[in-house]
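> one predicted model, sequence on top.
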Amino acid sequence: MRVYHKAYVYLTCGSELLVFSEPDYPEVGLQVPGGTLDPGESYLQAARREFCEETGLSLDIALESFADQDRILENVPDCLDGLHRRRHFHGRIPEKPAAEWEHFESSPSAGGPPIRFRLFWIDLFADGPPSETRFFEGFGVQLETLRSRMEGQNNGRH
């Protein structure tokens, strides 16, 4: 089985998490910015590069690895079949660059034309937080770990 090394950024501003959907493919579900490492690239380098490619923003903040995940993907449209070895990073910003915006991924790892992303924020601590099942292929699994991490760093304040 082919192994793909992946890096993802869970960017928060206060209690909100930056996510995106694909308006042209609404069935895909919510995702966080990130993707496949290039040859010779570290997970952290890939996380920063992929974040910029998928959001149009650059990150000049610290990113901390907070979870690793192995996920086997097979027969998932527009995904590379194989083991996706994911490293998840958390970063915090004091102010949102925008409430919502669109950006295009010019070079999807599975190939094909550019993909349109709609980026927006969700409140991780709102009553009835978004179901982890609304996330694409396991990205929601990390939300509880992220919430606990944020509560610990905020001493319980949101």
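In hand now; what should we look at?

> number of residues surrounding T55?
For T55, the neighbour count with other CB atoms under 10 Å is 20. Placement of C-beta: from N, CA and C, glycine included.

> where does it land on pLDDT?
Looking at T55, its pLDDT is 97.

> show me what contacts the residue minimising distance to the centre of the chain?
The chain has V32 as the residue nearest its centroid, 1.9 Å off, counting by CA atoms, centre = their mean. Under the criterion of CB atoms under 8 Å, 6 or more residues apart in numbering, the contact list for V32 reads Y8, V9, Y10, L11, L17, L18, V19, F20, F139.

> in this structure, what spans have low per-residue confidence?
128-133, 154-158 (pLDDT under 70).

> just the strands in the protein please.
Secondary structure of the chain (DSSP state E): strands located at 3-13, 16-21, 34-36, 64-73, 82-92, 100-105, 115-123.

> from T55, how far off is E102?
Shown here: E102 relative to T55, a distance of 10 Å by CB to CB, to the nearest Å.

> joint contacts of these two?
By the contact definition CB under 8 Å, 6+ apart, E102 and T55 are jointly contacted by F117, L119.

> quick check: the two most widely separated of the contacts of V32?
Spanning the widest gap among those are L11 and F139, at 13.1 Å by CB to CB.

> ok, and the most crowded of the contacts of V32?
Most neighbours among these, by other CB under 10 Å: Y10, with 28 neighbours.

> OK, contacts around the closest residue to that one other than its chain neighbours?
Of all residues not flanking Y10 in the chain, H90 sits nearest, at 5.0 Å (CB to CB, 6 or more residues apart in numbering). H90 makes contact with V9, Y10, L11, T12, L63, E64, F66, L146, R149, according to CB under 8 Å, 6+ apart.

> same check on L83?
Residues counted as contacts of L83 (CB under 8 Å, 6+ apart) are M1, R2, V3, Y4, D70, R71, I72.

> tell me how far the second one lies from I72.
R2 sits 11 Å away from I72, going by CB to CB.

> those two: which has the busier surroundings?
Set side by side, R2 and I72 show more neighbours around I72, with 12 against 8, by other CB under 10 Å.

> identify the bridge partners of the residue nearest to that one when sequence neighbours are not counted.
By the measure of CB to CB, 6+ apart, the closest residue to I72 outside its immediate chain neighbours is L83, 5.5 Å from it. Judged by DSSP bridges, the bridge partners of L83 are V3, I72.
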